[in-house]
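**Student:** Provided below are the primary sequence and the corresponding predicted coordinates.
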Amino acid sequence: MSIIAANDTLQSLSSLTVANATAALERGLAAIRAGQTSFDLRHVLTVDSVAVSVMLAWRKAAQDAGIELELKHLPPALQSLTKLYGVCSLLFPTSEQLEPGAPLAENPAHAEFAPVVGAPEPSKLGLANAPADLHHHH
């Protein structure tokens, strides 16, 4: 029995870090191209700051394809990152926001490059080489 990309909801993805960001991004994009409309991220237990960029890239690719991508069952670590970077409303536009009235980025397509007001500098979080090195756009 072969695994068909069209059925890939990314449920088997267990980490979303610098180490596997490119592979995870490509896998998600392939699933979107195959018509996948929701990703189940319940098993993604290991994350770092690149996870948010990957999720934003998936969402943008889906929007470009006219698809409303649903990201389901995010574990706490992943939810924390979306809050830290202030992108809850970009990743989950239809869901209830924890902080109503939070400002949206001017252009959602560029949100991953927008500075997050009030967030600690990456270097203070022990991510010395983040996020400048993380934005690999192939």
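**Tutor:** Sure, I can see it.

**Student:** Buried residues, stretch 61-69. List them.
**Tutor:** Neighbour-count burial for stretch 61-69 flags 61, 62, 67, 69 (criterion: 16 or more other CB atoms under 10 Å). Yep, even glycine has a C-beta here, placed from its N, CA and C like the rest.

**Student:** Could I get the average pLDDT for whichever strand or helix holds the first one?
**Tutor:** So the one you mean is residue 61. Element membership for residue 61, per DSSP states H and E: helix 50-64. Average pLDDT, helix 50-64: 96.

**Student:** and the helix or strand that it is followed by, which residues are buried?
**Tutor:** Scanning forward in sequence from helix 50-64 by DSSP H and E, the next helix or strand is strand 70-72. Of all the residues in strand 70-72, those buried under the rule 16+ other CB under 10 Å are 70, 71.

**Student:** Give me the contacts around strand 70-72.
**Tutor:** Contacts of strand 70-72 from elsewhere in the structure, counted by CB atoms under 8 Å, 6 or more residues apart in numbering, are 37, 38, 39, 40, 41, 42, 55, 58, 59, 91, 92.

**Student:** Pick the one among those residues closest to residue 28.
**Tutor:** Nearest to residue 28 among the contacts of strand 70-72 is residue 58, at 4.4 Å by CB to CB.

**Student:** Go ahead and confirm that closest one touches residue 26.
**Tutor:** No: in terms of CB atoms under 8 Å, residue 58 does not count as a neighbour of residue 26; the distance is 10.5 Å.
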